[in-house]
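Asker: kindly return the folded structure for what I paste below:
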Amino acid sequence: MAKIDRLGWADGMSFTSYGVRVGVRVNDSAILKDVIARLPPGSKPASFAVTDHLYSIIGSRAKPDSRVRRLSLGYWNLVRFARARQFDSVLDAFESHVQLTVAEYAPRRIFVHAGVVGWKDRAILIPGLSHSGKTTLVDQLIRAGATYYSDEYAVLDARGRVHAYPRALGMRLPDGQASKKVRAEEIGAAVGSKPLRVGLVVSTNYKDGARWRPKQITRGKGVLELMSHTVSARSQPELALTVLPAALESAQILKGVRGEASEIVKSILERVG
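Answerer: Residues are numbered from 1 along each chain as shown. Predicted coordinates for the structure are as follows:
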């Protein structure tokens, strides 16, 4: 840390997110606003003498007519998490890393990798990791009138209620590699604010040409499904095993492969309420 401290820091700030205290410092004051724009949803500026986690970011905005491309770096505590010629690549890595850090260390919340929408005052959870198709299904559901809550994390409190985590949707481009950020409001969706009880869990993956014939599984198996996608399952297993059964107390849990997301939206919404 002493070596990183000596690199020279021009500016910084601290914030709290779901009870996690995080500090950020940068080598150039001009880039701090770019870093702040990538903080997790619901982050609040704060002033701490000591933080739980410290991010150190070295970067600069290259001038359009300059051929010089300085190396940009990102450190989380003592660990380097990003190294790239393009500063935006370091920002992307920071955004993903700091969200995961908050999800891992939040003391009173459980973060499950899942898309979430609201329908008839109930939450629909779609657990899955990246590339599983959950964002595509969330997109189709909110276009059908559901309320947007998240395309990345279902945030559960001690009572098992789902809270909104309204980051921009990470929509993949046709090439399947790159993605773009789209705010839910841009596609006409309402964004949730109040916590909801879980009404339905849809555990599914896309398979070309598959027909949607889901099986309803037990609450116990549903807990295992969500546990496998819970960020803090290893670091806070007791909390997870308390919250997840409470979350599924009155929920239906479906599992099965699907074809195109647009083909199963009606079936999903009809299951709620």
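
Asker: Arg85 and Lys180, how far apart?
Answerer: In this structure, Arg85 and Lys180 are separated by 21 Å, where distance is defined by C-beta to C-beta, to the nearest Å. Yep, even glycine has a C-beta here, placed from its N, CA and C like the rest.

Asker: likewise for Ile124?
Answerer: Ile124 sits at a distance of 24 Å from Lys180 (criterion: C-beta to C-beta).

Asker: one more: Asp5?
Answerer: If you measure Asp5 against Lys180 using C-beta to C-beta, the figure is 37 Å.

Asker: would you mind extracting the C-alpha trace of stretch 201-218 into PDB?
Answerer: Once non-C-alpha atoms are left out, stretch 201-218 reads as follows in PDB (Å, rounded to 0.1, in the frame of the first residue of the first chain):
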ATOM      1  CA  VAL A 201     -39.000 -17.100  -9.500                       C
ATOM      2  CA  VAL A 202     -38.100 -18.000 -13.100                       C
ATOM      3  CA  SER A 203     -34.900 -20.100 -13.400                       C
ATOM      4  CA  THR A 204     -34.300 -20.400 -17.200                       C
ATOM      5  CA  ASN A 205     -31.700 -20.300 -19.900                       C
ATOM      6  CA  TYR A 206     -32.100 -19.600 -23.600                       C
ATOM      7  CA  LYS A 207     -31.900 -22.500 -26.000                       C
ATOM      8  CA  ASP A 208     -32.400 -22.000 -29.700                       C
ATOM      9  CA  GLY A 209     -35.800 -23.500 -30.700                       C
ATOM     10  CA  ALA A 210     -36.700 -24.600 -27.200                       C
ATOM     11  CA  ARG A 211     -40.400 -24.600 -26.100                       C
ATOM     12  CA  TRP A 212     -41.300 -23.100 -22.700                       C
ATOM     13  CA  ARG A 213     -42.500 -26.100 -20.600                       C
ATOM     14  CA  PRO A 214     -41.300 -25.200 -17.100                       C
ATOM     15  CA  LYS A 215     -41.600 -27.400 -14.100                       C
ATOM     16  CA  GLN A 216     -42.700 -26.000 -10.700                       C
ATOM     17  CA  ILE A 217     -40.000 -26.900  -8.100                       C
ATOM     18  CA  THR A 218     -40.200 -26.900  -4.300                       C
END
